[in-house]
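Student: Okay, predicted coordinates and the sequence, questions at the end:
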Amino acid sequence: MTAPATPQTDRWNIWAIAAIITVWFTIILGLIFGHIALSQIAKTGERGRGLALTAVIVGWAGVVAGALIMLFILIFGGLAISANT
């Protein structure tokens, strides 16, 4: 079952533009804006799906990278502390 086609417009989705800009400065806001944009674009057929999708992918990659860095710091920081005692 496929979703009904939405008419294409020449308008750009403002949330997609905001998402691609903010994801480079604040990952969480970029992710939120990107998901909002994808939802609206699916309903309205506005332009900017690529921008929104890029913001979401970059945002989630940043979240994963941040989590891995924190895990690295916790593991090796704990090992360094335990080695000194």
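Tutor: Now that the structure is in, tell me what you want to look at. Numbers count the residues shown, from 1 in each chain.
Student: Pull out the buried residues from the lowest-mean-pLDDT helix or strand in the chain.
Tutor: The helix or strand of the chain with the poorest confidence is helix 49-84; it has a mean of 94 (mean pLDDT, DSSP states H and E). For helix 49-84, the buried set under the neighbour-count rule, 16 or more other CB atoms under 10 Å, comprises 51, 52, 53, 54, 55, 56, 58, 59, 62. The way it works is simple: take the backbone N, C-alpha and C, and place the C-beta from them, glycine included.
Student: nearest residue to the last one other than its sequence neighbours?
Tutor: Nearest non-adjacent residue to residue 62, counting by CB to CB, 6 or more residues apart in numbering: residue 27, 4.3 Å away.
Student: The one you found and residue 59 touch, don't they?
Tutor: Yes - using CB atoms under 8 Å, residue 27 and residue 59 qualify as a contacting pair, with a distance of 5.1 Å.
Student: what's the neighbour count on residue 17?
Tutor: Neighbourhood size, residue 17 [other CB atoms under 10 Å]: 17.
Student: Let the chain start at 473 from now.
Tutor: Yep, numbering from 473; the last one is residue 489 now.
Student: Secondary structure element for it, which one?
Tutor: Assigned by DSSP states H and E, residue 489 falls within helix 486-494.
Student: could you say what helices and strands that helix packs with?
Tutor: Helix 486-494 sits against helix 499-516, helix 521-556, with contacts defined as 3 or more CB pairs under 8 Å, 6 or more residues apart in numbering; DSSP states H and E.
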